[in-house]
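1. coords please:
(chains A, B, C and D)
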4 protein chains.
Amino acid sequence: MEKTDDSSWRTLQTVEQATDIIQVLSELDGAGVSTVAERLDISVSSAHSHLATLHETDFLIKENGQYHLSYRFLHLGEYVRNNSDLYRCGRLEADKLADKTGHYVHLFTEEKETGINIYEARGEHAEDYDYQSLKLQRGEPLHISASGKAVLATLPEGEARSHIQQHGLEPYTDNTITDVTALFEELDQIRKRGYAVNDEEEIVGYCAVAAPIQTESDAAIGSISVAGPSRFFDSESDIEEVAEQAMTAANMIQVDLNMSTRAD
Amino acid sequence: MEKTDDSSWRTLQTVEQATDIIQVLSELDGAGVSTVAERLDISVSSAHSHLATLHETDFLIKENGQYHLSYRFLHLGEYVRNNSDLYRCGRLEADKLADKTGHYVHLFTEEKETGINIYEARGEHAEDYDYQSLKLQRGEPLHISASGKAVLATLPEGEARSHIQQHGLEPYTDNTITDVTALFEELDQIRKRGYAVNDEEEIVGYCAVAAPIQTESDAAIGSISVAGPSRFFDSESDIEEVAEQAMTAANMIQVDLNMSTRAD
Amino acid sequence: MEKTDDSSWRTLQTVEQATDIIQVLSELDGAGVSTVAERLDISVSSAHSHLATLHETDFLIKENGQYHLSYRFLHLGEYVRNNSDLYRCGRLEADKLADKTGHYVHLFTEEKETGINIYEARGEHAEDYDYQSLKLQRGEPLHISASGKAVLATLPEGEARSHIQQHGLEPYTDNTITDVTALFEELDQIRKRGYAVNDEEEIVGYCAVAAPIQTESDAAIGSISVAGPSRFFDSESDIEEVAEQAMTAANMIQVDLNMSTRAD
Amino acid sequence: MEKTDDSSWRTLQTVEQATDIIQVLSELDGAGVSTVAERLDISVSSAHSHLATLHETDFLIKENGQYHLSYRFLHLGEYVRNNSDLYRCGRLEADKLADKTGHYVHLFTEEKETGINIYEARGEHAEDYDYQSLKLQRGEPLHISASGKAVLATLPEGEARSHIQQHGLEPYTDNTITDVTALFEELDQIRKRGYAVNDEEEIVGYCAVAAPIQTESDAAIGSISVAGPSRFFDSESDIEEVAEQAMTAANMIQVDLNMSTRAD
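-> Below is the predicted model of the structure:
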């Protein structure tokens, strides 16, 4: 029994180290054996064993003595996305919404209390920003985006409150809502209107509108958003027009999700 | 020293098991502890430690007692793609080529002797096939596609020959080239013409045209392809028109890649 | 006489088994001899005789040792539909209504106390849901749809009450009417307005409006409905506009039915 | 063993009688007990047992002493259709082709050496003929239609020849091909052109064009046809234009079928 505990503990530590290496290689855009050993505070021989094994199992490639994450992560990432009901039922609607509005459209969900943009469609006015690419490769807090606030607004108040307490309300711009009371008033308004607005709260000069996607009348499984330069979201009527389109797309996805479940 | 070897050996085995678990969870679309233990022929307690650690490090989510790969793989996959020069310089050209032709366009490269479709753009006639989604989540042999043959044609003959000897020429349809001599004649023609054609060699009724993307005059770093129903690739002039467009896109990407390198 | 009884009893049992086999083959999407024997708890030789006879009489096809229902059922099904007065008089009106509204339109009737969608027309906004296909291949309760409630509302109260007592009011969504008193109030309103509304009572996010088709002033022989995402049924005026169109179609079909009867 | 044989023989006979009753009820558009007894040459009590059992199992309804086939056949027919790969992959293409051409479009396949129209789409010029409805409720020989000839043309010669020998070449109009040699010349031409033409061979004044749907390079799994009044098929260029559209639709369906198989 002691032995089992010990070996389990080893497992934990070794697997944790492997996942740390993956993290380090993504942060450094690749690294050699000694850099990895140093960063993880492990022996060079241990770092070498890890890297060699991850290379052998095709999770890494090696170029000029540097190890990098391989396309196996792309394959697993696409696998995860292709298996998401929200993606399967939402992709074409997101494409259509991008065509109609000309802007960026995101399918968004929450996983482990983090906001995840699982798909991005680009309309004809959607410029090619590096920042948008980064949004697909990392999670983000819920309070800074229309997508996130649309999801927050569908949570039971207790859950939303505990989420905010745990993660805080970090300011991204001067417009980011950093006051809990103000945020709850906003969530109330979102529930009333049926959509959320990001008024330059993440990026100055950049706005968004999002509608929650709810399979039942309770917590949303995600949201769909339209984002673009603030000039396109200037008046109430601009916003309402886009919001109508986003809500219709959300409704179409909701129906597709519910009919798929019923047809199984 | 002996101790080090022993611990390294442990590392290897434990990390290998972790990667096996990731593979198994993707094959089974999620699994519980006992299924994982059975599939890997390890103890339930060991499977539990692995799964708990991978869950703790956010590589897995747990739903109703089943573990699934998390969106962390999507993030790492997008990171790998965003760091690819071919993707950075090729994405917009791929989008344009899909707009022009109305078909599927793929950016393709080779990693560890396997063909990888790193990006897919869809034109207005591109139907939503599940098979196309799967192409983004797994590697494929080089000899069955226009993309792959375009890359093969730029390899030194010895390398191409050894690749084929190692991986064989599995038939996908009656048109798949399964004879080494015939394939080398085809590669020769591809070099002369500057583009490769897939004449229903992967899917009956489905064709493609691909142009290699070469930063120097030697081995291509990838290719760009246009694929659609065979009716659109019926005549020599149909094929040549698409080929011209693909070769122009490949040229644009090549220049972008080379200028980027010089600007660093 | 005893012999007759005995042979009648045999007949009953054998024919019942044959119909059970048809049911089992549709549930399992085909099956082999031993599976059928097991499912029906009959001998393999008996299962074989049944299957061979149903195959011989063209009700089954055999592929790789598995028996499947043949297209003879499609022929008999189309025969039954083509012989329905409601279908003959309602089809073109249903097509027109789908064209006008852009949504799904169903011709609906009751048989053996079950709701039957005998025809479906699709407008240009009607997405291709598997669930909609399934609605054509199985019966459904009357209380979950606008179509069903429109028919229920025309039944004498005693009949409606006994129908509900026998079949219950199973909830499909939170909006399904599961209270008898509430349902009777609703039926009263349907009679006053002349049409029934399904307010996300079958599928969350999906609504419908239906008008009864009555050849005389008593119990309807069926109904015609328009169904689509709830966004299109948002306001009272949206609903009334569609209801007007459905009631007009129902009137056209009613007249056609009554004139046909007179012309015989 | 003797007992088994005896009981099997009973089974065969009883099930055969049940299927005969279904056939008789469809031919007579319903019948009473004594008519059924007379037609099948069985005792009234036996007829009654059969009818009562088929009624009990919901395959029949009873109205004013007459038994009729119930909508259960429609449900089973729709089930069979919904489970057909050709229907699932071909329906939307058939709808599109009907929209484009304005005519009748049929998805057609062969089962037990009989031609089956599994789906019909109607364009805006498609008049509502009873004869077209009947085409959906019964099989037809292969030599009288463009659909059938398109399928025949893909069979190995021996198979086509034996089919014709067995089923003959019954004339429907003066244009029906009733000569074996002439038919084989026609099949040869169909293979060369890639499509079949029905030149008033089934109905005087009515023409059609069909393209075979082949998942592999051998025998077609079906065909797709466009049919309308001969005035619309007057010139070679009229025919070729429709044929191009039919062949494109067949190609799209072929690709969808093949990609679906690969994605499984």
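2. drop to CA atoms for contacts and neighbour counts, all remaining ones
-> Will do.
3. which residues does whichever residue of chain A sits closest to chain C contact?
-> Taking CA to the nearest CA, chain C has its nearest neighbour within chain A at A:Ala263, 4.8 Å off. Applying CA atoms under 8 Å, 6 or more residues apart in numbering or on different chains, one finds that A:Ala263 lies in contact with C:Asp130, C:Tyr131, C:Leu134.
4. what is the burial count for A:Ala249?
-> A:Ala249 is flanked by 25 other residues according to other CA atoms under 10 Å in any protein chain shown.
5. if you could redo that for A:Arg138, that was the one I meant.
-> The number of residues packed near A:Arg138 is 18, by other CA under 10 Å.
6. would it count as being in a helix?
-> No. If the criterion is DSSP: H, G, I helix; E, B strand; the rest coil, then A:Arg138 is coil and not within a helix.
7. quick one: it from chain B, how far?
-> Plainly put, A:Arg138 is 5 Å away from chain B if you go by CA to the nearest CA, to the nearest Å.
8. quick check: that residue touching A:Ile116?
-> Yes. At 7.3 Å, A:Arg138 counts as touching A:Ile116 under the criterion of CA atoms under 8 Å.
9. residues of stretch A:181-190 that come out buried?
-> By neighbour count on 16 or more other CA atoms under 10 Å in any protein chain shown, the buried set for stretch A:181-190 is A:Leu183, A:Phe184, A:Glu186, A:Leu187, A:Ile190.
10. please read the previous query as pertaining to stretch A:62-80.
-> The neighbour-count criterion (16+ other CA under 10 Å) identifies A:62, A:67-80 as the buried residues of stretch A:62-80.
11. which of the residues you listed come close to chain B?
-> Applying CA under 8 Å from any CA of the partner chain to the buried residues of stretch A:62-80, one finds that A:Leu69, A:Ser70, A:Tyr71, A:Arg72, A:Phe73, A:Leu74, A:His75, A:Leu76, A:Gly77, A:Glu78, A:Tyr79, A:Val80 fall near chain B.
12. contact partners for the fourth one?
-> The reference is to A:Arg72. Applying CA under 8 Å, 6+ apart, one finds that A:Arg72 lies in contact with A:Asp58, A:Phe59, B:Gly77.
13. A:Leu86 against A:Asp256, yeah?
-> No. Under the criterion of CA under 8 Å, A:Leu86 is not in contact with A:Asp256, lying 9.4 Å apart.
14. who's more crowded, these two?
-> Higher neighbour count among A:Leu86 and A:Asp256: A:Asp256, with 26 against 23, using other CA under 10 Å.
15. what's the spacing between A:Thr109 and B:Glu202?
-> A:Thr109 sits 35 Å away from B:Glu202, going by CA to CA, to the nearest Å.
16. and those two? Which one has more around it.
-> Taking other CA under 10 Å, A:Thr109 and B:Glu202 do not tie; A:Thr109 has more neighbours (25 against 21).
17. can you pull up the bridge partners for the closest residue to the more buried one other than its chain neighbours?
-> Counting by CA to CA, 6 or more residues apart in numbering or on different chains, A:Gly222 is the residue found nearest to A:Thr109 once chain neighbours are left out, at 4.2 Å. A:Gly222 has the following beta-bridge partners by DSSP bridges: A:Ile213.
18. tally of neighbours for A:Gly222?
-> For A:Gly222, the count of nearby residues is 28 (other CA under 10 Å).
19. now A:Tyr119
-> By other CA under 10 Å, 20 other residues sit near A:Tyr119.
20. for A:Ile253, give me its contacts.
-> Residues counted as contacts of A:Ile253 (CA under 8 Å, 6+ apart) are A:Leu86, A:Cys89, A:Gly90, A:Glu93, A:Ile213.
21. do that again at 6 Å, thanks
-> Residues near A:Ile253 by CA atoms under 6 Å, 6 or more residues apart in numbering or on different chains: A:Cys89, A:Gly90.
22. likewise for the one 5 residues further on?
-> Neighbour list for A:Asn258: empty [criterion: CA under 6 Å, 6+ apart].
23. pLDDT on the helix or strand containing it, on average?
-> When secondary structure is defined using DSSP states H and E, the element that contains A:Asn258 is helix A:236-263. Taken as a whole, helix A:236-263 has an average pLDDT of 96.
24. A:Ser225 against A:Tyr104, yeah?
-> No. A:Ser225 sits out of contact with A:Tyr104 when judged by CA atoms under 6 Å, with a separation of 8.0 Å.
25. looking at those two, which one has more neighbours?
-> Using other CA under 10 Å as the criterion, A:Ser225 and A:Tyr104 rank with A:Ser225 on top: 35 against 25.
26. three-state assignment of that one?
-> Using three-state DSSP as the criterion, the local structure at A:Ser225 reads strand.
27. just A:His68 next, same as before
-> strand.
28. OK, contacts around it?
-> Residues near A:His68 by CA under 6 Å, 6+ apart: A:Gly30, A:Leu60, A:Ile61.
29. what's across from the second one in the sheet?
-> Going by DSSP bridges, A:Leu60 is paired in beta bridges with A:Leu69.
30. quick one, what contacts the residue nearest the centre of chain A?
-> The central residue of chain A, meaning the one whose C-alpha is nearest the mean C-alpha position (CA atoms, centre = their mean), is A:Ile116 at 1.3 Å. The neighbourhood of A:Ile116, defined by CA under 6 Å, 6+ apart, consists of A:Phe108, A:Thr109, A:Glu110, A:Gly139.
31. in a strand, the third one, correct?
-> Yes. Assignment of A:Glu110 by three-state DSSP places it within a strand.
32. tell me the pLDDT of it.
-> Looking at A:Glu110, its pLDDT stands at 96.
33. what's the burial count for it?
-> Neighbours of A:Glu110 using other CA under 10 Å come to 23.
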